[in-house]
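Novice: Following is a predicted model, sequence given first.
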Amino acid sequence: MQTGIWRKLNNLNQFDNKFLKVIADEIKELINKGYYDITEKVERRDTSLKDVLVSKKENYPIITEIKFSSPSLGEINSNSNSQKEILTKMEENGSSAISVLTQPLYFDGSLENLKIVRQNTKLPILMKDIIIDEKQIEAGFDLGANVILLIETLFRDNHSKLEQLIRYAKKMGLEILLEVNTKQEFDKAVTRDVDILGINNRDLNTLQLDMQTTNKILGKEFKIDKPIISESGIVTSEDIEMIGKSGVSGFLIGTTIMKADNIEKKIKELTSVKK
């Protein structure tokens, strides 16, 4: 469901390896223009993504993502008015949770999609956005998200703001997925009061993908009391098996599923991998 403000990234180098900074500045404009001002609230379903990730199951939990476009690939799925149909396929074929893109710029996401998903599933929902302000967290809460995404690298020059957003989300009863892309970011993230850590195999500044990122960061031995998920670039069950050796608790997969000719078959393949 395009919002009318979607922008296509025509050249991966057009932002001089500063994609996150540029989009953060544009998000400030969206906030000021009222994009995140919510007048219609939905009934909340309080369910925990963290509990799903730490539960004792034979297979890896998969967070499937409703995602119609990306800055690196452009349009992924043209069927943008079929959120309910896609959600049903995800839920009935093994998804453990649903991630919803709410960022309209370069991702073609929308807050309307979040509302529709909340009204039609009991699964935990992750609000996937470039969050820099409390107003966005309020919007996610009002539309039924259980988890919000925060990105460590966005706040490398303003750690106090990141901690402020963490406290705000916690106060509202939301879980927090804190995303990193480097070992340095990971070492900082493990000290923060968040529920889940995410390792993105894609560098969101350059948009370059390295499928070894998760394994490189975690190494052979790590011990922390937070579940960890791997994100981006996961295409096959072999990818899950390879990254799973690092000790992650689960995976977030969007593009691969949304591009699949047979979404049901692809989800069954990805959710069948045993730990």
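Specialist: Yep, that arrived. Numbering: from 1, shown residues only.
Novice: Contact partners for Arg44?
Specialist: By CB atoms under 8 Å, 6 or more residues apart in numbering, Arg44 lies in contact with Arg118, Phe141, Gly144. No exception for glycine: its C-beta is placed from N, CA and C like everyone else's.
Novice: What's the end-to-end length of stretch 260-275?
Specialist: 24 Å (CA to CA, to the nearest Å).
Novice: List the buried residues in it.
Specialist: Neighbour counts over stretch 260-275 (16 or more other CB atoms under 10 Å) mark Ala260, Ile263, Lys266, Ile267, Glu269, Leu270, Thr271, Val273 as buried.
Novice: likewise stretch 206-218?
Specialist: Buried positions in stretch 206-218, judged by neighbour count with 16+ other CB under 10 Å: Thr206, Leu207, Met211, Thr213, Thr214, Asn215, Ile217, Leu218.
Novice: do the same with stretch 151-170
Specialist: Result for stretch 151-170 [16+ other CB under 10 Å]: buried residues Ile151, Glu152, Thr153, Leu154, Phe155, Leu162, Leu165, Ile166, Ala169.
Novice: same thing with stretch 66-73?
Specialist: Ile66, Lys67, Phe68, Ser69, Ser70, Pro71, Ser72.
Novice: immediately after the lowest-mean-pLDDT helix or strand in the chain, which helix or strand?
Specialist: Every helix and strand in the chain was compared by mean pLDDT, DSSP states H and E; the lowest is strand 74-75, with a mean of 74. The helix or strand immediately downstream of strand 74-75 is helix 83-92, counting by DSSP states H and E.
Novice: can you give me the helices for this protein?
Specialist: With DSSP state H as the criterion, the chain has helices at 19-32, 49-54, 83-92, 111-119, 134-142, 159-171, 183-189, 213-218, 237-244, 255-259, 263-270.
Novice: To Asp225, which of the ones you listed lies closest?
Specialist: Asp225 lies closest to helix 49-54 among these, at 9.7 Å (CB to CB).
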